[in-house]
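> Sequence and predicted structure, then a few things I'm wondering about:
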Amino acid sequence: MKKLLLLFLLSSSTAYAQRNFTIDETVFGPSKFAPKTIYGIQWAKNMDVFTHLDQSYQQLIARSAKENWSEKVIANADDLKAALNKVITTEKFTLRGFPSSYKWVDTDHIKFQLPTEKTLFDITYNTKTKSAMVTKSIPNGLTNAELNTHTAYLVGSNIEILTAEGQKIQVTKDTMDGIVNGSDYTHRQEFGIHKGMWWSPNGKQLLYYRKDETMVTKYPLPQWDARVATVNYIRYPMAGMKSEEVTLVVFNTETQSYTTLKTGEPKEQYLTSVTWDPNNEFVYVGVLNRGQDHLKLNQYNAKTGDFVKTLFEEKSSTWVEPQHELIFLPNAKNQFLYQTDKDGFNQLYLYNTDGKLIKHLGYQEVIVEDFKGFNVAGTKAYYVGATNKGLERHLYEVEIKSGKTTQLTKTNGVHNATVSPTGKYVLDQYSNLTTPNKIQVLETKNSQSKSIFEAENPFAGQINLPKIEFKEFLSPDGKTPLNARITYPANFDPTQKYPVMVYLYGGSHAQLVTDRWLGGVGYFDLYMAQNGYLVFTLDNRGSDARGRDFTRVTHRNLGEAEMADQLVGFDYLKSLPYVDKENMGIFGWSYGGYMTTSLMTKHNATFKAAVAGGPVIDWKYYEVMYGERYMDTPQENPEGYKKTSLLDKVDRLKGNLLVIHGAQDPVVVQQHSMDFIEQCIKKGIQVDYFLYPSHEHNVRGKDRVHMYDKIAKYFDLHLKK
């Protein structure tokens, strides 16, 4: 009996023993330990009913308000497969589960896409009669396909259209290197650009970008995969140098005619916020000057290309940054919502097509991040907005006529929520620092909730999870609060001293600290904490989700205010009795690599070791669209470029610095780090350098494990006694 008891105790302790992450799990852990969730959540049409897949992914479940959100199976994968076999008879397909990407068409029908080896089928499925219908089919694998009545796609740098009748139309036939049509990589995807072609609402006209970059410098990227190395040339417009010239063209599928919008001079300008008029007659374009401080929202005649009028203008002493297309009201085709941070925070503004501002629909200091649409009547709009100093995301309802705004989600955290067609209920999914994932239904009138799903901690009983804590500091400006996060060493003992790893980014359009599960901490941070480091991250001024003034402080002096903010956090760390202030390290990538290298040179008394990945070293080597927004051109701002360059500051470098770069990096080209290394050699400064020959700006896949292993060992070598 005693032996059996001993074996039981041993097996029990083994079953519940917790371990640290392996180095592989720094990369593959996020999928392995992701909190469980429900997939395929969608509101049904015109009803207070939502649907989702069951945990086996084989059944479609419906939940209705009338039945207190209880589960009801309304479709399954076996029936769907049987229906598909009747309508797809010429090709084999695989259906492992019920498709999670379905959309409701009406009360009975859903639609989804089914890929086969050769074809992409548009399917409509009747959940009541269990019958399927192919509504459209196109060749599988079309590049940048835009679907409407016809399908537009790219073949190299040209556009083709596959008509509804199956005929091909070659829209563009450019063969000159540097002429690119229909590409979403226009203006290097700044200004919210995510597509290069737009169908008119009636599907008869295709609007597309035509990019002429023949005048842009060719930049060489050496290729090492052949016995004799070759060179891949990319067009890379560096700050202050010649940039691309872009126009917008309308192709009429009925007349096969072309119309170029007369967007005018100078040719080096940015065409943004591209939006079709609901009546197919006009195109609206945000025309932004190269200096990015003057925007005109213009209206053009889609048939003639003529400029009609400027609806309004935006000017700034720093920059104007359009990020969104116009959103026309469903019940008023002459009114639209426009997003801008011109009054301090990115919010909604209601305009009419005469350019008259009808109402500012902003609420307090909430930043609109994700527009969720309108109610059925079109009288209310919904959006997810950043609040609580950027830490949280909540769903808001705004009455368009009055501007009255209501916060519909209340629990602290990061919410992704939608409203039922009637507007009576909110389907809310959220997490926070200690909540992995919760899905609930809220009543909009009284906020009463019904829990649908709550995930357990995926690390419980398996992983030795470090303690994570939020901190708040005051910026050196004396008024701006800064969010930070500390991940404590595993089995933390405040009587001991621990080395520190600071992980930072610091640049625009990024935020590292939010009140989501684990505070947004990365798995490499957790790995380092499990291996005895105190890990610290702070979001400085210039980073995302805090409003216009929080970002504009960096204008013409990138890195300066950001470093000042970071130093506040570093001073706090050095004041802690359990911090080994003689053994502090810092790690950042891209803008974070720039910040890391800047701190190791300009403020060189804090860190004993650092890793800078893909670092910007001198902004004159960076591209036009991003670089000139913040720094203007080198000709306009020579003092700023000199101050922020690190090439003439290598003699200030102290401590141990490892620079990592991808040899195929088309974003921060390798010239940055190579010139820095060259200056270190000339000054007799020792620095470590590692290159990933086949990777671009980020090291991905299995090689990322290699990278994290290298970084961890570098810090261990220099920071652990």
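Thanks, I have the structure now. Owing to the predicted nature of the structure, the values given are computational and were not obtained by experimental measurement.
> contacts and neighbour counts: CA atoms only from here.
Fine.
> Give me the sheet partners of the longest strand anywhere in the chain and which way each runs.
Once the chain is assigned using DSSP state E, the strand that runs over the most residues is strand 579-589. Take DSSP bridges as the rule and strand 579-589 pairs in its sheet with strand 498-504 (parallel), strand 609-613 (parallel).
> now the stretch 301-450 of the chain, which segments are flagged as low pLDDT?
Counting by pLDDT under 70, the stretch 301-450 of the chain shows no low-confidence range.
> so K450 makes contact with Q429?
No - taking CA atoms under 8 Å as the definition, K450 is not a contact partner of Q429, at 12.0 Å.
> Show me which of those two is the more surrounded one.
Q429 (21 against 14; other CA atoms under 10 Å).
> Identify each buried residue in stretch 701-709, please.
R704, V705, M707, Y708, D709 (16 or more other CA atoms under 10 Å).
> Serialize those residues to TSV and add fields for pLDDT.
Formatted as TSV, the buried residues of stretch 701-709 follow (pLDDT from 0 to 100):
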residue	pLDDT
R704	98
V705	98
M707	98
Y708	98
D709	98
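> Now that we have those, can you turn them into CSV and tack on distance to L288?
Below are those laid out as CSV (distance: CA to CA, whole Å):
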residue, distance to L288
R704, 38
V705, 42
M707, 40
Y708, 41
D709, 44
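> Pick the one among the residues you listed closest to Q299.
R704 (46.9 Å; CA to CA).
> How about the helix or strand containing D571, which residues are buried there?
Take DSSP states H and E as the rule and D571 turns out to sit in helix 560-575. Buried residues in helix 560-575, counted by 16+ other CA under 10 Å: 560-570, 573-574.
> same thing with stretch 633-643?
Of all the residues in stretch 633-643, those buried under the rule 16+ other CA under 10 Å are T633, P634, G640, Y641, K642, K643.
> Helices - which of those residues land there?
Judged by DSSP state H, these include G640, Y641, K642, K643 as members of helices.
> Where does the prediction get shaky in the protein?
For the chain, counting by pLDDT under 70, the residues that fall below are 1-17.
> again, 90 this time
In the predicted model of the chain, residues 1-17, 46, 446-447, 721 satisfy pLDDT under 90.
> Give me the contact list for the helix holding D571.
473-476, 482, 484, 506, 538, 540-542, 553-554, 579-581, 595, 599, 606, 644 (CA atoms under 8 Å, 6 or more residues apart in numbering).
> Contacts only, for H187.
Residues near H187 by CA under 8 Å, 6+ apart: I193, E244, Y270, M625.
> Pretty sure the first one sits against P322.
No - the pair I193 and P322 does not pass the contact test of CA under 8 Å, sitting 9.6 Å apart.
> In terms of neighbours, single out the busier of the two.
P322 (24 against 20).
> In the protein, mark out all the helices, start to finish.
With DSSP H as the criterion, the chain has helices spanning 2-15, 25-32, 77-87, 523-530, 548-552, 560-575, 591-602, 624-631, 638-644, 671-683, 702-719.
> Can you tell me which of the ones you listed is nearest to Y425?
Y425 sits nearest to helix 77-87 of all the helices of the chain, at 28.5 Å, using CA to CA.
> can you list contacts of the closest one?
By CA under 8 Å, 6+ apart, the surrounding residues in contact with helix 77-87 are Q58, Q59, L95, R96, G97, F98, Y125, K130, S131, A132, M133, V134.
> can we see that at 7 Å?
The contact list for helix 77-87 (CA atoms under 7 Å, 6 or more residues apart in numbering) reads Q58, Q59, L95, G97, F98, K130, S131, A132, M133, V134.
> now the residue nearest to the second one when sequence neighbours are not counted: how far from S56?
Which is Q59. Spatial nearest neighbour of Q59, excluding adjacent residues (CA to CA, 6 or more residues apart in numbering): N76 at 4.2 Å. Distance, N76 to S56, using CA to CA, to the nearest Å: 11 Å.
> do N158 as well
Noted for N158: a distance of 43 Å to S56, by CA to CA.
> what do you get for E456?
18 Å.
> Looking at the two now, which is surrounded by more residues?
Between E456 and S56, E456 has the larger neighbour count (other CA under 10 Å), namely 14 against 8.
> ok, the more buried one - contacts?
P436.
> hmm, 10 Å instead?
Residues in contact with E456 (CA atoms under 10 Å, 6 or more residues apart in numbering) are P35, K36, T37, T435, P436, N437, K438.
> what's the answer for S431, then?
For S431, the contacting residues are 35, 392, 411-416, 437-439, 454-455, 515-519, by CA under 10 Å, 6+ apart.
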